[in-house]
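Enquirer: Mind folding the following:
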Amino acid sequence: MRWITFDCFGTLIDWRHGIGTSLELIAPAKGDDLLAAYLRHENDVEAAAPRTRYREVMAEALRRACADLDVTLNDDDASVLATTLPYWPVFGEVGAELSALRTAGLRLALLTNCDRDLIAQTLRRLPVPFDAVVTAEDVGAYKPDEAHFERFRKAYEPAEWVHVAQSHFHDMIPARRLGIRRVWINRHGERPADAGVVREVLPDLRGLLAAVERA
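Expert: Alright, predicted model coming up:
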């Protein structure tokens, strides 16, 4: 079986747009600043409490971001990201590229830092079906912990496997440690110090099938 695993948010779903526009609802004109502050905190919250549900991770990271910027956050507004997450937009090229992988006979899976109920709602927005999903809730850990990858490998024993993701930190680094072939979707033009360890790099998913075959 030939498998392609994906990160979801940032790779298939435009989570920065989703978070930024959601935060505008509670703090008009401060969405971009809150997004930047939120991104600084989310990894720390996940690392400190890896068994915490993702909806609670988002709420706590938002509380910290608001505190940084002296933004008043009402208690019932802390759940805004979990509420809006199912409506965050899919990147425009995703449908065609996933369909091409399907046509080529590849199986598709998600390895996501998310809860089961939230990813179930997101799957309804993705334009092709997925054959498997591994969540942070399933493994009791958040990437860059290797638990997602280990669970997938044990459950599906892929004969060939390429992992595709936007986050160098959360996905490329652990995939490299485990010897998994990988394609980096570098949507933000990042230049990490060890970027050279990923041979296949694309600015978005266009041309993904060819990159997967090279990998």
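Enquirer: Pull the distance from the helix or strand hosting residue 134 to the chain's centre.
Expert: Using DSSP states H and E, residue 134 maps to strand 132-135. Distance of strand 132-135 from the chain centroid (CA atoms, centre = their mean, to the nearest Å) equals 12 Å.
Enquirer: Would you mind extracting the C-alpha trace of the next helix or strand after that strand into CSV?
Expert: Heading C-terminal from strand 132-135, the first helix or strand you meet, by DSSP H and E, is helix 136-139. This file holds the C-alpha atoms of helix 136-139, laid out as CSV (Å, rounded to 0.1, in the frame of the first residue of the first chain):
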residue,chain,number,x,y,z
ALA,A,136,-3.6,14.2,19.1
GLU,A,137,-6.6,12.9,21.2
ASP,A,138,-5.8,9.4,19.9
VAL,A,139,-2.2,9.4,20.9
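Enquirer: Show the secondary-structure elements that helix 136-139 is packed against.
Expert: When contacts are defined as 3 or more CB pairs under 8 Å, 6 or more residues apart in numbering; DSSP states H and E, helix 136-139 packs onto helix 147-156. Any C-beta I mention is one placed from the backbone N, CA and C, and that applies to glycine too.
Enquirer: what's the helix it packs on in contact with?
Expert: 1, 3, 5, 109, 111-112, 132, 134, 136, 138-141, 158, 161, 163, 174-175, 178, 180 (CB atoms under 8 Å, 6 or more residues apart in numbering).
Enquirer: Would you list the buried entries among these?
Expert: Among the contacts of helix 147-156, those buried by neighbour count (16 or more other CB atoms under 10 Å) are 3, 5, 109, 111-112, 132, 134, 136, 138-139, 141, 158, 161, 163, 174-175, 180.
Enquirer: measure stretch 94-112 end to end?
Expert: Using CA to CA, to the nearest Å, the end-to-end distance of stretch 94-112 comes to 17 Å.
Enquirer: Okay, buried residues for whichever helix in the chain runs longest please.
Expert: Secondary structure of the chain read by DSSP state H shows that its longest helix is helix 31-48. Within helix 31-48, the residues that count as buried by 16+ other CB under 10 Å are 31, 33-35, 37-38, 41-43, 45-46.
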